[in-house]
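>>> Sharing a model that was predicted from the sequence below.
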Amino acid sequence: MFNNILIIGLGLIGASIAQGVFDNRLANHIFAVDFESSVIELAKESGLIKNGDTELLTLLKSGQLTDCECIIIAVPAFAVKSVFDDIDFAIQNQLLPKDIIISDTASTKGNILKDALASFKQLPPNLVLAHPIAGAEKSGFMARNGALFKSHKLIICPHEFNDKTAVNKIAHLWQALGASVDFISCEKHDEILALTSHLPHLLSYALTYQLAKDEESLNIFRYAGGGFRDFSRISASSPIMWHDIFLANKQVVLQGLDEYQKILDELKSDIENDNSDKLLETFAIAKNAREYFGRLLVEKEKLKNG
């Protein structure tokens, strides 16, 4: 699909993209940037990338990427702005081609759109905002998995000035990595992800923190069952990444948190007042919804396993 592709950030997502591109022969050469020099060395030693550096502009000044066709940014949300600034500088100084496709993997989109406008002064037609709905408990370069995105959703959030060819190329890239592509506006994306991803992570962090905030409470972990194991699993995710997500999408997250707090208050009141009918009604609705979601997961797993 590409001759040269550049991936910025070799954490779980970025490294898995690189591995998937390598495994599926979607680019002739893969270049990378990561702030950890040891990660760049590992990526080179494994044969995954042709070259890389800890600084984007240093790599670009080597002259190897003047014909690069695609950049994928896979860094925490608040680090994207400085990457955009460097890309703009590189384009202005002919270190990158003007028509290079720029894409991302961020879990929030409204802030990325604002950052792009601030850096480029106008939204580039070849900026294609994307978000893979995939992850794993472990993070970092060594946790990479070229099949990570297979049978998972990939959301593309087009803006009004988007070049259709650029959008199609990014869609085809993700489809080649095994993802199922949907198109959603930035606003709708942030609303949906706040409830289905951001809020669950926040609640998981909160419950795990409740049990871990003092030494005596740590003993409780000895008696924790499967429910706590499953619910707390996502609180093992990267603190830096989720710090950025919560603050970047805070208005929608706060709205979801307010609505959740109302439900908690209602449940508290129902328990205090022995309101059995209301409790059973709430639990039954939740149970039916989870069973529906479970069927969707089974269907997804069948697709994943062929």
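Everything's here; your move. Numbers count the residues shown, from 1 in each chain.

>>> And stretch 232-249, what's buried?
232, 234, 235, 237, 241, 242, 244, 245, 246, 248, 249 (16 or more other C-beta atoms under 10 Å). Any C-beta I mention is one placed from the backbone N, CA and C, and that applies to glycine too.

>>> Can you give the domain ranges for the chain?
Domain ranges of the chain: 2-184, 189-273, per automatic domain parsing.

>>> possible to save these as JSON lines with distance to residue 300 and mean pLDDT?
Output for those, formatted as JSON lines (distance: least, C-beta to C-beta, whole Å; pLDDT from 0 to 100):
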{"stretch": "domain 2-184", "distance to residue 300": "5", "mean pLDDT": "95"}
{"stretch": "domain 189-273", "distance to residue 300": "14", "mean pLDDT": "88"}
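
>>> So which of those domains is the most surrounded?
Each of these was scored by mean neighbour count; the highest is domain 2-184, a mean of 19, by mean count of other C-beta atoms under 10 Å.

>>> Now do the end-to-end distance for that domain.
Using C-alpha to C-alpha, to the nearest Å, the end-to-end distance of domain 2-184 comes to 25 Å.

>>> returning to that earlier point: so of the buried residues of stretch 232-249, which two are at opposite extremes in space?
232 and 248 (23.7 Å; C-beta to C-beta).

>>> Hmm, residue 97 is touching residue 71, no?
No. The pair residue 97 / residue 71 is not scored as a contact, 10.6 Å apart, by C-beta atoms under 8 Å.

>>> can you give me the strands in the stretch 151-300 of the chain?
Counting by DSSP state E, counting those that start in this stretch, the stretch 151-300 of the chain has strands at residues 153-157, 180-183.

>>> Quick one: closest of these to residue 201.
strand 153-157 (17.1 Å).

>>> Not counting its own residues, what contacts the closest one?
109, 128-133, 167, 170-171, 174, 179-186, 189 (C-beta atoms under 8 Å, 6 or more residues apart in numbering).

>>> So which residues make contact with stretch 253-260?
By C-beta under 8 Å, 6+ apart, stretch 253-260 touches 194, 195, 198, 199, 202, 203, 246.

>>> go again using 10 Å as the cut-off
Counting by C-beta atoms under 10 Å, 6 or more residues apart in numbering, stretch 253-260 makes contact with 108, 190-191, 193-196, 198-203, 206, 245-247, 249-250, all of which sit outside it.

>>> Select from these every entry located in helices.
190-191, 193, 199-203, 206, 245-247, 250 (DSSP state H).

>>> Counting by contacts, list what the strand or helix carrying residue 39 packs against.
Using DSSP states H and E, residue 39 sits within helix 37-45. If contacts are counted by 3 or more C-beta pairs under 10 Å, 6 or more residues apart in numbering; DSSP states H and E, helix 37-45 sits against helix 12-23, strand 27-33, strand 51-53.

>>> got the contact list for that helix?
7, 9-11, 14-15, 18-19, 30-34, 36, 48-54, 59, 140-142, 144.

>>> 8 Å - rerun?
10, 15, 18, 32-34, 49, 51-54, 141-142.

>>> Equivalent analysis for stretch 54-61, please.
By C-beta under 8 Å, 6+ apart, stretch 54-61 touches 6, 8, 31, 33-37, 40, 51-53, 65, 83, 86-87, 89-90, 95-96.

>>> go with 6 Å
Under the contact criterion C-beta atoms under 6 Å, 6 or more residues apart in numbering, stretch 54-61 has outside partners 33, 35, 37, 53, 86, 90, 95.

>>> ditto for stretch 85-101
56, 57, 60, 68, 70, 119, 120, 126, 166.

>>> Narrow the residues you listed to those in helices?
In this view, these that belong to helices under DSSP H are 56, 57, 60, 119, 120, 166.

>>> Off-centre distance for the helix holding residue 39?
22 Å (C-alpha atoms, centre = their mean, to the nearest Å).

>>> Turn the domains of the chain into CSV, columns for distance to residue 281.
Shown next, in CSV, are the domains of the chain (distance: least, C-beta to C-beta, whole Å):
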stretch, distance to residue 281
domain 2-184, 31
domain 189-273, 9
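
>>> The longest helix anywhere in the chain vs strand 153-157, what angle?
With secondary structure taken from DSSP H, the chain has its longest helix at helix 276-304. With axes from the mean of the first three to the mean of the last three C-alpha atoms, to 10 degrees as the basis, helix 276-304 and strand 153-157 are set at 90 degrees to each other.

>>> Number the chain from 17, please
Taking 17 as the first residue, the last one we looked at is helix 292-320.
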